[in-house]
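Asks: predicted model and sequence follow; I will ask about them next.
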Amino acid sequence: MLNPKHWPNVLSGTRLALMPLVLGAALADSRRAFVVLLGFALSTDVFDGYLARKFSAFSDLGRKLDSLADYVTMFTGIVGIALLWPGTFERELPWIVAGLAAFFGVVAYGFVRLGRAPCYHTWLAKAGGAACALSMIPLLADYSEVPFHVAIVVQICAGIDEVTIALLLPRHVGEMSSSWHAWKLRRTGRAARSAAEVG
């Protein structure tokens with residue numbers, strides 16, 4: 001029987017494995033299959049985080065695998081929307097570009113600052129991911145683009161939050177809920193160093 005600590009990685013791997021099927025549905029011009037497969041893939045992102053917390057299954061490999069699955073899912077989803085809903089894609093392109101800039105700007109800054117992509121999985125990043133996924137329903141149904149715009153704003157705030165964490169902490173420390181938590185960790189570290197110097 002599979003160790004529960006491996007379940008989050010299995011779900012992240014499943015999300016990656018589904019992407020060729022998602023892309024295939026888009027290329028086959030099947031909106032229903034695309035939405036169902038992508039929706040299922042996105043649901044694994046919710047559960048892998050929950051299982052990681054439940055079983056304390058945090059690892060650097062797990063964080064990297066989860067982030068890679070997020071990147072591939074995002075690109076596949078965007079390509080699928082461009083193929084299946086070209087009018088919506090063209091109309092929302094400035095917002096999509098802004099969201100991508102915020103998302104991958106953090107990755108680029110992480111490589112410059114830390115020598116690696118940061119995998120903080122902050123509260124704002126999780127909220128932004130969930131909001132983007134849910135906002136697809138009214139957006140692709142041509143009901144309202146407002147939820148999608150709100151989700152992109154949250155994503156931009158998440159990017160600023162993660163860059164702030166990278167500025168506050170000189171080394172990558174894994175999971176970090178927010179820049180406020182990073183500030184607290186930095187302050188605690190300074191206090192500990194001061195006590196050691198006095199001692």
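Replies: Arrived safely, thanks for sending.

Asks: what's the closest non-adjacent residue to L167?
Replies: Nearest-residue entry for L167: R113, 7.5 Å, with adjacent residues in sequence omitted and distances by C-beta to C-beta, 6 or more residues apart in numbering. Quick note: C-beta positions are derived from backbone N, CA and C, even for glycine.

Asks: that neighbour and A166 touch, don't they?
Replies: Yes - checked against C-beta atoms under 8 Å, the pair R113 and A166 is within contact range at 4.8 Å.

Asks: what about the residue nearest to L167, distance to D142?
Replies: From R113 across to D142, the span is 41 Å (C-beta to C-beta, to the nearest Å).

Asks: who has more neighbours, these two?
Replies: Set side by side, R113 and D142 give different neighbour counts by other C-beta atoms under 10 Å, the larger being at R113 (16 against 10).

Asks: secondary structure element holding that one?
Replies: Remark: R113 resides in helix 86-114, with elements defined by DSSP states H and E.

Asks: packing partners for that helix?
Replies: In terms of contacts (3 or more C-beta pairs under 8 Å, 6 or more residues apart in numbering; DSSP states H and E), helix 86-114 is packed against helix 60-84, helix 123-140, helix 146-168.

Asks: so for L37, which of these sits nearest?
Replies: Checking the helices and strands packed on helix 86-114 against L37 by C-beta to C-beta gives helix 60-84 as the closest, at 9.3 Å.

Asks: who's in contact with the closest one?
Replies: Outside helix 60-84, the residues that touch it by C-beta atoms under 8 Å, 6 or more residues apart in numbering are 8-9, 12-13, 15-16, 19, 22-23, 25-27, 29, 31, 34, 38, 41-42, 44-45, 48-49, 52, 88-89, 96, 100, 103, 117, 119, 121, 129, 136, 140, 174-175.

Asks: what's the angle between that helix and helix 86-114?
Replies: 150 degrees (axes from the mean of the first three to the mean of the last three C-alpha atoms, to 10 degrees).

Asks: pLDDT score for V198?
Replies: In the predicted model, V198 carries a pLDDT score of 44.

Asks: can you check S30 too?
Replies: Turning to S30, the model gives it a pLDDT of 97.

Asks: residue contacts, it?
Replies: Contact analysis of S30 by C-beta under 8 Å, 6+ apart lists nothing.
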